[in-house]
Structure formats: structure tokens, C-alpha cells
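only geometry, no sequence info:
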């Protein structure tokens with residue numbers, strides 16, 4: 001019995017060499033490896049390849065088929081499947097903490113302080129850096145106490 005190379009097996013089955021590799025990986029084809037000058041080379045028995053080909057031909061096609069094979073023709077109305085909407089993702093940590101309305105918060109981020117006071121964000125950042133407006137950093141976020149913002153706005 002003469003063995004066939006991977007390329008010959010692919011030509012016989014009408015698939016790519018990658019298709020042969022996938023069939024081996026899934027256990028559908030048996031392979032024998034022999035040493036060659038470029039490493040191990042895969043060899044397949046013709047009987048095993050014929051068995052695999054018959055198995056593939058016996059499979060029922062999945063999906064829509066064109067032509068008169070029983071699939072829908074062009075213009076056929078296919079009913080839609082009713083799907084439930086995806087549940088919303090869990091809110092992130094930062095958004096969970098912002099359940100208190102901005103007017104009732106005791107500590108504000110710089111963006112919130114700019115929104116509440118009506119002052120430009122850049123002006124507030126410069127004031128924090130120069131020390132005229134007090135702030136406290138929690139992690140990477142600077143928070144301004146509501147009372148400090150009120151005093152700062154009164155001093156302007």
C-alpha cells in the first residue's frame with residue numbers, strides 16, 4: 001500500500017492542505033509521520049482518504065442552498081426570529097458613584113465644578129495648580145470640596 005503526501009491528499013479530496021490539517025486535528029483522518037530532510041512529513045493511506053471522502057459526501061449541507069435543491073429562491077420571504085434585547089452591561093465603577101445629583105454633591109471633579117460654576121475648565125485647572133483653589137486627589141482624579149468652590153467663586 002503506497003502512502004500519499006499531504007498535497008496529494010488535498011488534491012484528491014478537493015480541499016486545501018490546511019483543510020487536511022484541520023481534519024487530522026479533529027481526528028477525522030489518520031496520519032503517519034516519517035522523517036525527511038526538512039523535518040517530519042505527513043503521509044496518508046488512500047483507503048483512509050476514500051473513507052473520509054465518502055463521509056464528507058454523505059453529510060447533509062447546512063444553511064441555504066441555491067438552485068433547486070430545496071433551499072429558498074431569490075425573493076422568498078424568510079420569517080424573522082424574535083430576539084430579546086441584550087441586557088445592559090453592568091455600570092462602571094465611576095458611573096455607579098454618580099447617583100447623587102450634581103447640585104447635592106459635597107465633592108466635585110473639575111469637570112463637574114466647571115459645569116456647576118460656569119467657569120472654564122482650564123481656568124479651574126490653573127487655579128488648582130497655582131493653589132488658589134483647594135483640591136484633593138483620589139487616585140488620579142482631583143476633587144474639589146463644594147464649600148471651597150463656593151468660597152473661590154465669591155473671591156472672584
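On my side now, so go ahead. This structure is a prediction, so every number in the text was calculated from the model and none was measured.

select the longest helix from the protein.
helix 46-58 (DSSP state H).

how about stretch 126-140: buried residues?
127-128, 133, 135 (16 or more other CB atoms under 10 Å). Quick note: C-beta positions are derived from backbone N, CA and C, even for glycine.

which residues are in contact with residue 132?
By CB atoms under 8 Å, 6 or more residues apart in numbering, residue 132 lies in contact with residue 152.

give me the pLDDT value at it.
As predicted, residue 132 sits at a pLDDT of 90.

on the three-state scheme, it is what?
coil (DSSP: H, G, I helix; E, B strand; the rest coil).

now swap in the one 5 residues further on and tell me
Remark: residue 137 carries the secondary structure label strand [criterion: three-state DSSP].

circling back: name the helices or strands packed onto the longest helix of the chain?
helix 6-13 (3 or more CB pairs under 8 Å, 6 or more residues apart in numbering; DSSP states H and E).

going toward the C-terminus from the helix it packs on, what's the next helix or strand?
helix 17-26 (DSSP states H and E).

okay, buried residues for that next one please.
By neighbour count on 16+ other CB under 10 Å, the buried set for helix 17-26 is 20-21, 23-24.

I appreciate the help and will end here.
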